[in-house]
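Asker: Sharing a model that was predicted from the sequence below.
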Amino acid sequence: MKKSRLLAQFITTGKLAHLQIGMAWEERKGWLVSTHTHKNGEPSLYKGELEGIAVNVSVTPDKKIEAFTIYLHDQKGRHIIKQSGKKLSLKQIKVDQMAAFLNKREINWRFKIAMDKIVFFEMPELGVELLFSYFPKEKNHGLITIQTWFDKDNLPEWRR
């Protein structure tokens, strides 16, 4: 698959290239390892590139993939979705365009607004969440983060 469409696939499936939540994590050469560790001493977070996509991977104490977090500002190149025959840049997509994209693909979603400046799109069946931010002093406005979570039934209170 083209690198420019990997994030669109991630949004619609919750899978990133060949990895998915719940899979065993294997160490990767050249990836940064967090100094934050679980009680058993195992690292809890890795950062690296997967098929040209910069990604943070959270793992459980038994080394299963728990979450992916992708920050759009860390991405190089152009990342697009197709909507009604048009190519839309994920770095410039608007909330209504994302809603139309998800509706067209019949993906169930809901959104929440926090602090009047943050919009969360949640796709509970996929375990994917999109964060749009519109704080005035931020360098980038719009879609900031794409993330997944492992146990969507036991989310922390702040993510419900």
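Answerer: Received it, and whenever you're ready, just let me know what you need.
Asker: Work out for me the element A100 sits within.
Answerer: Secondary structure assigned from DSSP states H and E places A100 in helix 95-104.
Asker: what's that helix packed up against?
Answerer: Applying 3 or more C-beta pairs under 8 Å, 6 or more residues apart in numbering; DSSP states H and E, one finds that helix 95-104 contacts strand 80-83, strand 118-123, strand 128-133. All C-beta atoms are positioned from the backbone trio N, CA, C, and that covers glycine.
Asker: would you turn those into CSV with mean pLDDT, mean neighbour count and distance to E49?
Answerer: As requested, those are exported to CSV (pLDDT from 0 to 100; neighbours: other C-beta atoms under 10 Å; distance: least, C-beta to C-beta, whole Å):
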stretch, mean pLDDT, mean neighbour count, distance to E49
strand 80-83, 85, 18, 19
strand 118-123, 90, 18, 24
strand 128-133, 92, 21, 20
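Asker: Relative to I21, which of these is closest?
Answerer: Proximity to I21, assessed across the helices and strands packed on helix 95-104 by C-beta to C-beta, is greatest for strand 128-133 (9.9 Å).
Asker: Please name every helix or strand in contact with that closest one.
Answerer: Strand 128-133 packs on helix 3-13, helix 95-104, strand 118-123, strand 142-148, going by 3+ C-beta pairs under 8 Å, 6+ apart.
Asker: closest one to E51 among those?
Answerer: helix 3-13 (6.1 Å).
Asker: quick one: average pLDDT of the closest one?
Answerer: For helix 3-13, mean pLDDT is 82.
Asker: what do you get for stretch 105-113?
Answerer: pLDDT averaged over stretch 105-113 gives 91.
Asker: since we're on I11, how many residues are nearby?
Answerer: 25 (other C-beta atoms under 10 Å).
Asker: contacting residues around it?
Answerer: Applying C-beta atoms under 8 Å, 6 or more residues apart in numbering to I11 gives the contacts 81, 123, 128, 130, 146.
Asker: If we use 10 Å, what do you get?
Answerer: By C-beta atoms under 10 Å, 6 or more residues apart in numbering, the residues touching I11 are 70, 81, 90, 98, 101-102, 105, 107, 121, 123, 126, 128-130, 143, 146, 148.
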